[in-house]
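S.K.: Compute the structure for the input listed below.
(one chain, ligands or ions: 3)
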Amino acid sequence: VKTNELAFIFETKGLKKTAIRLKVLEYLVKKQSAISQPELEKKFKNEADRVTLYRVLNVLQKKGIVHKIIDLEGTSRYALCFSKDCTDDHHHDEHIHFNCNKCDRVVCITDSITPKIKLPRNFRLSHITLNAVGICDKCMLLNKKTA
Ligand SMILES: [Zn+2]
Ligand SMILES: [Zn+2]
Ligand SMILES: [Zn+2]
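M.R.: Ligands and ions are numbered 1, 2, ... in the order given. Have a look, this model is predicted:
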């Protein structure tokens, strides 16, 4: 997703384009890793309060634009949806989330294969959370430079 495609996202998902929604989405696209609400509060402290930011994340999630990830510390983070089938409250983001233990980034590994889980009778699956932990590509590059 490129920044100039953001307007299109708003249009196809039927979401009103407000300045703060656009800014949050723009930031998310540029960052290429998942964001947390505290991070947004810091970044947009002069533009929006925490309730506004909470609502922005909430509506983006509801509209199938971002999906929620629980990181290893149990903090909620949000990343762009890659599936075009994500809709109001129904996400298809079953992929592994890579947690870098050096820079703390959380990245969607969208081409990862997730296991099909065979559940016992009368169990109903709502979603699968898969976390991978290691060192991300950016940190690997930094490692090489300093070595
Ligand atoms: Zn989604
Ligand atoms: Zn890293
Ligand atoms: Zn993801």
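S.K.: Which parts of the protein are helices?
M.R.: For the chain, helices defined by DSSP state H occupy the ranges 6-12, 19-31, 37-43, 50-62, 137-146.
S.K.: Can I get those in TSV including mean neighbour count and distance to I117?
M.R.: For the C-beta atoms, the positions are set from N, CA and C on the backbone; glycine is no exception. Listed next are the helices of the chain as TSV, based on neighbours: other CB atoms under 10 Å; distance: least, CB to CB, whole Å:
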stretch	mean neighbour count	distance to I117
helix 6-12	15	31
helix 19-31	16	29
helix 37-43	15	30
helix 50-62	17	23
helix 137-146	11	29
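S.K.: And those helices: which comes nearest D85?
M.R.: Across the helices of the chain, the minimum distance to D85, taken as CB to CB, is reached by helix 6-12, at 12.4 Å.
S.K.: Any part of the closest one near ligand 1?
M.R.: No - using CB under 5 Å from the ion, we find that helix 6-12 stays clear of ligand 1, coming within 12.2 Å at best.
S.K.: got the contact list for that helix?
M.R.: Helix 6-12 has contacts (CB atoms under 8 Å, 6 or more residues apart in numbering) with V1, L15, K16, K17, R21, L22, L25, E26, V29, I65.
S.K.: Now the second one: closest residue in space, sequence neighbours ignored.
M.R.: Counting by CB to CB, 6 or more residues apart in numbering, K63 is the residue found nearest to L15 once chain neighbours are left out, at 5.0 Å.
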